[in-house]
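Student: Build me a model from this:
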Amino acid sequence: MKPFKKRRRGGITATFEAGEAHLLASLSGQVIELLRDRNGADESTADPLAAQLGMGGPSLPPEDPVLKRLLPDAYRDDEEGAGEFRRFTERSLTSVKVTNAEILIRSLVDGGLVFGAPDAEAEEPIEIELGDDEVQAWLRALTDVRLSLAVRLGIEQDEDIYLVAQSEDEAIAAMSEIYDWLGYVQETLIAALD
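Tutor: As a prediction, this is how the structure comes out:
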């Protein structure tokens, strides 16, 4: 990856290797799928007015630990209040998170990413250019992907990152490297904003 840089004429650019772009798109797609699965059938009886306004979401927290992290309770000490808040806000929060991830994927496709390509290694590098709104969507989408990975890896504190990286399980060690790399991507994007 060539880090994000601010252009003089506006916008922020970066270049990803095709494999990196496919990885970003895949991880973002997994977050989208997880969030869309949550938006299925209501877990509680919908208020007719709320349903008409598109706010009749579930009142129970998700069971999946990743969704619990992406869609946390608003009130830790008030289960009923948290349920009501969730019922009126979760669908819109989920929709925003899905949109952010879709913007990330779309900008990779606009930069030349081809899904289903026979050999990602043979593809040309993916050059993206982001406007202000896209930058914010990328930052939020990267945060959601990193939070999702952190939950799956059991990262809760800084020292957990080191422990996970030292894992003898090759799959966990590889996911730890991806987690670190996503942090680098996010860091270069933030640095380009200054």
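Student: For the rest of this, base every contact and every neighbour count on C-alpha atoms.
Tutor: Noted.
Student: what's the next secondary structure element after the helix or strand of the chain with the lowest mean pLDDT?
Tutor: The weakest-scoring helix or strand in the chain, judged by mean pLDDT, DSSP states H and E, is helix 48-52 (a mean of 58). Of the helices and strands lying after helix 48-52 in sequence (DSSP states H and E), the nearest is helix 65-70.
Student: That following helix - what's its average pLDDT?
Tutor: In this model, helix 65-70 has an average pLDDT of 92.
Student: Can you name every helix or strand that it contacts?
Tutor: Packing partners of helix 65-70 (3 or more C-alpha pairs under 8 Å, 6 or more residues apart in numbering; DSSP states H and E): helix 132-153.
Student: which parts of the helix it packs on are buried?
Tutor: By neighbour count with 16 or more other C-alpha atoms under 10 Å, helix 132-153 contains the buried residues 134-151, 153.
Student: May I have it as CSV, with CA atoms only?
Tutor: Extracted in CSV, the C-alpha atoms of helix 132-153 (Å, rounded to 0.1, in the frame of the first residue of the first chain):
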residue,chain,number,x,y,z
ASP,A,132,-14.5,14.6,2.4
ASP,A,133,-17.6,12.5,2.8
GLU,A,134,-15.8,9.4,1.6
VAL,A,135,-12.9,10.0,4.0
GLN,A,136,-15.4,10.0,6.9
ALA,A,137,-17.1,6.8,5.6
TRP,A,138,-13.7,5.1,5.3
LEU,A,139,-12.6,6.1,8.8
ARG,A,140,-15.9,4.7,10.2
ALA,A,141,-15.9,1.6,8.1
LEU,A,142,-12.3,0.8,9.0
THR,A,143,-13.2,1.3,12.7
ASP,A,144,-16.1,-1.2,12.4
VAL,A,145,-13.9,-3.8,10.7
ARG,A,146,-11.1,-3.4,13.3
LEU,A,147,-13.7,-3.6,16.1
SER,A,148,-15.1,-6.8,14.6
LEU,A,149,-11.6,-8.4,14.3
ALA,A,150,-10.7,-7.3,17.8
VAL,A,151,-13.8,-9.1,19.2
ARG,A,152,-13.1,-12.3,17.2
LEU,A,153,-9.4,-12.2,18.4
